[in-house]
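> Provided below are the primary sequence and the corresponding predicted coordinates.
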Amino acid sequence: MPANDQIEILWNHVSAHLRSSVSADSYTRWFASLKLLSAGDDAVRFRVPDSIHQLWIEMNYLPVLQSAFGAVTGLRHQFVFEVESGLATTENGKVNGAWQPVAEAPAPVEAAVRVFEDEAEKVPGEGLSPALTFENFVVGASNQFAHAAALAVAQKPGRSYNPLFFYGGSGLGKTHLMHAIGTSVRENKPRAKVIYITSEEFTNQFIHALQTNSIARFRKRFRLADVLLIDDVHFLAGKERSQEEFFHTFNALLDGHKQIVLCSDRPPGEIKDLENRLVTRFEWGQTAELTQPDEETRLAILRKRAESLEVEVPAYLMEFIASRISTSIRRLQGALVRVASWISLHGRMTPEAAEELLRDLLAHEAKNVMTIDRIQKGVAANFDIRLADMTGRKRPVAIARPRQIAMYLARELTGLSYQELGTAFGGRDHGTVMHACRTIERLVKEDAALRFRISSIETQLRRAP
Ligand code: ADP
Ligand code: MG
């Protein structure tokens, strides 16, 4: 019998086994277009129409293929895939003509890779926390825009804001919104591949993949995502190889119109030691800032959180907490939970008792409430100018420069938005404050004396009661 006929017979038998172990639809989609080229004692070679087939089979069906062949030949084979010529793994790194070529990419960029929805039963929403949903997220002025952008992205991933970049201080809801997007996408499309990961974990896994020679698998995993949520990207600062890797992942996903959502404690341009090309890409889509919630929003958040507690927390205690803890929603909720457990043990609680119970949180808060007023006073005193000059219009550099320094410090220390800072500095606009911050940032790089002076003002401010 000619070799070709043997191959065909072998394939017919193996196919029969395959058909009985995967759905008809999966069979048609993934195996019908496979061509068995040769089957030696160890290696079995296939031709696949494109790299998507190869990736998908390697990721999901190797055990199935193994056992189908095993049943017919009684052997354990290795599988080798050849991508049909002309449709070889794509190396296309161009989006809107504006991307840099990714010829320097360390591996082929699987730009065209798509997760077929009805095939994705094995890919759950990795790392998603079911409690962090849109329903549980209270919207107020401090997060309204970020929330709206998150909703838009969740409804049309890859098609509205891409990438979407959240920034703002710790405990203000960035991670919550990222999870909410992921969970919501999967509610609409249960089989979409959503990955949530911190950039720290991304870096760890990347290093692990390098050490264990499994970089190809690492890349595939991320590049097959429909939605990639990367938390705290400032952690990538200074980590060149991880940035490089992330850059290529980023390009591959954007190229395939997959959604990317990122967040950080500051806007992309202010993350130190982040490669320019990443900064540019992070700024490409939409950035959305989360700022400190006002008292009304804080109270609403507490009310919402209280619904899920077993004990009833009286309104006056919620008002007390909302009035005293403003810098972090995490601490705000922590205070509520602490008060609630006290009540469940001891019954009624007075605000005095609450003050005692929350002493450490409140102290932390006092240290953290770096008011603009304090910063303005501290800087004015240091430069021996009048406090009124902080909000005034005087232009001489001896006054304008300290004012810029105060804006810079206020930005660094309070986490307020440029808009809010502008208002506090005599009704200036957002662009003026941003310009001031950039100017000082540049100057401290060049001028060691100024750098020292600013850092000693900062130390003093942190120490002051
Ligand atoms: P970040 O990532 O900005 O540091 P998180 O998203 O982790 O902050 O939020 C801290 C805590 O506060 C979480 O428990 C989160 O659920 C809660 N939280 C933050 N913002 C809101 C909000 N607007 N409504 C309800 N809970 C919130
Ligand atoms: Mg977070």
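Structure's in. What do you need? Ligands and ions are numbered 1, 2, ... in the order given.
> contacts and neighbour counts: CA atoms only from here.
Will do.
> Buried residues, stretch 273-292. List them.
274-275, 278, 281-283, 286-292 (16 or more other C-alpha atoms under 10 Å).
> Convert the C-alpha atoms of it to PDB, please.
Extracted in PDB, the C-alpha atoms of stretch 273-292 (Å, rounded to 0.1, in the frame of the first residue of the first chain):
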ATOM      1  CA  ASP A 273      11.700  55.100  34.500                       C
ATOM      2  CA  LEU A 274       9.100  54.000  32.100                       C
ATOM      3  CA  GLU A 275      10.200  53.800  28.500                       C
ATOM      4  CA  ASN A 276       8.900  56.500  26.300                       C
ATOM      5  CA  ARG A 277       7.400  54.200  23.800                       C
ATOM      6  CA  LEU A 278       5.300  52.700  26.600                       C
ATOM      7  CA  VAL A 279       4.200  56.100  27.900                       C
ATOM      8  CA  THR A 280       3.100  57.100  24.400                       C
ATOM      9  CA  ARG A 281       1.100  53.900  24.000                       C
ATOM     10  CA  PHE A 282      -0.500  54.300  27.400                       C
ATOM     11  CA  GLU A 283      -1.600  57.800  26.500                       C
ATOM     12  CA  TRP A 284      -2.900  56.600  23.200                       C
ATOM     13  CA  GLY A 285      -6.500  55.700  24.200                       C
ATOM     14  CA  GLN A 286      -8.200  57.300  27.200                       C
ATOM     15  CA  THR A 287      -6.900  58.200  30.600                       C
ATOM     16  CA  ALA A 288      -9.300  58.600  33.500                       C
ATOM     17  CA  GLU A 289      -8.400  59.900  36.900                       C
ATOM     18  CA  LEU A 290      -9.900  58.800  40.200                       C
ATOM     19  CA  THR A 291      -9.700  61.400  43.000                       C
ATOM     20  CA  GLN A 292     -10.600  61.400  46.600                       C
END
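> And the average pLDDT for it is what?
Throughout stretch 273-292, pLDDT has a mean value of 92.
> Now residue 238, what are its backbone angles?
As for residue 238, its main-chain torsions (degrees, to the nearest 10) stand at phi 80, psi -10.
> Which secondary structure state does the closest residue to it other than its chain neighbours sit in?
Spatially, and ignoring its direct neighbours in sequence, residue 238 is nearest to residue 273 (5.0 Å; C-alpha to C-alpha, 6 or more residues apart in numbering). Under DSSP: H, G, I helix; E, B strand; the rest coil, residue 273 falls in the coil class.
> Give me the residue ranges of this protein where confidence is low.
1-3, 25, 51-53, 55-56, 59-60, 74, 85-124, 367-370, 464-465 (pLDDT under 70).
> Could you pull out the strands in the stretch 301-450 of the chain for me?
Counting by DSSP state E, counting those that start in this stretch, one finds no strands in the stretch 301-450 of the chain.
> which residue does it bring closest to ligand 1?
residue 330 (3.9 Å; C-alpha to the nearest ligand atom).
> and the residue nearest to that residue when sequence neighbours are not counted, how many neighbours?
Spatial nearest neighbour of residue 330, chain neighbours left out: residue 171 (5.0 Å); criterion: C-alpha to C-alpha, 6+ apart. By other C-alpha atoms under 10 Å, 18 other residues sit near residue 171.
> now do residue 315
Residue 315, neighbours per other C-alpha under 10 Å, totals 12.
> Check residue 210 too.
Residue 210: 13 surrounding residues under other C-alpha under 10 Å.
> Only C-alpha atoms, please: export the strand or helix carrying it in CSV.
Taking DSSP states H and E as the definition, residue 210 sits inside helix 199-211. Output of helix 199-211 as CSV, limited to C-alpha atoms (Å, rounded to 0.1, in the frame of the first residue of the first chain):
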residue,chain,number,x,y,z
SER,A,199,2.3,44.1,36.6
GLU,A,200,4.3,42.7,39.5
GLU,A,201,2.9,39.3,38.8
PHE,A,202,3.4,39.8,35.1
THR,A,203,7.0,40.5,35.8
ASN,A,204,7.4,37.4,38.1
GLN,A,205,5.8,35.2,35.6
PHE,A,206,8.0,36.6,32.8
ILE,A,207,11.1,35.9,34.8
HIS,A,208,9.9,32.5,35.7
ALA,A,209,9.2,31.8,32.0
LEU,A,210,12.8,32.9,31.1
GLN,A,211,14.2,30.7,33.8
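> buried ones in whichever helix or strand comes after that helix?
Using DSSP H and E, the next helix or strand after helix 199-211 towards the C-terminus is helix 215-223. Residues 215, 218, 219, 220, 222, 223 are the ones in helix 215-223 that count as buried (16+ other C-alpha under 10 Å).
> out of these, which one sits closest to ligand 1?
residue 222 (21.6 Å).
> burial of the residue of the stretch 301-450 of the chain closest to ligand 1, as a residue count?
13.
> could you dump the helix or strand harbouring residue 460 to PDB, C-alpha only?
Taking DSSP H and E as the definition, one finds residue 460 inside helix 448-463. Provided in PDB are the C-alpha atoms of helix 448-463 (Å, rounded to 0.1, in the frame of the first residue of the first chain):
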ATOM      1  CA  ALA A 448      20.700  69.300  42.900                       C
ATOM      2  CA  ALA A 449      20.300  72.300  45.200                       C
ATOM      3  CA  LEU A 450      16.700  72.700  44.300                       C
ATOM      4  CA  ARG A 451      16.100  69.000  44.600                       C
ATOM      5  CA  PHE A 452      17.500  69.100  48.100                       C
ATOM      6  CA  ARG A 453      15.500  72.100  49.100                       C
ATOM      7  CA  ILE A 454      12.200  70.600  47.900                       C
ATOM      8  CA  SER A 455      12.800  67.300  49.600                       C
ATOM      9  CA  SER A 456      13.600  69.000  52.900                       C
ATOM     10  CA  ILE A 457      10.300  71.000  52.600                       C
ATOM     11  CA  GLU A 458       8.600  67.700  52.000                       C
ATOM     12  CA  THR A 459      10.200  66.100  55.000                       C
ATOM     13  CA  GLN A 460       9.100  69.000  57.200                       C
ATOM     14  CA  LEU A 461       5.500  68.900  55.900                       C
ATOM     15  CA  ARG A 462       5.300  65.200  56.600                       C
ATOM     16  CA  ARG A 463       6.600  65.800  60.100                       C
END
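> So what touches that helix?
For helix 448-463, the surrounding residues in contact (C-alpha atoms under 8 Å, 6 or more residues apart in numbering) are 367, 370, 374, 375, 378, 379, 382, 405, 409, 443, 444, 445.
> and the stretch 301-450 of the chain, which of its residues are near ligand 1?
301, 329, 330 (C-alpha under 6 Å from any ligand atom).
> what do you get for the stretch 101-250 of the chain?
So far as C-alpha under 6 Å from any ligand atom goes, the stretch 101-250 of the chain lies against ligand 1 at 132, 136, 137, 138, 139, 170, 171, 172, 173, 174, 175, 176.
> Cheers, nothing more for now.
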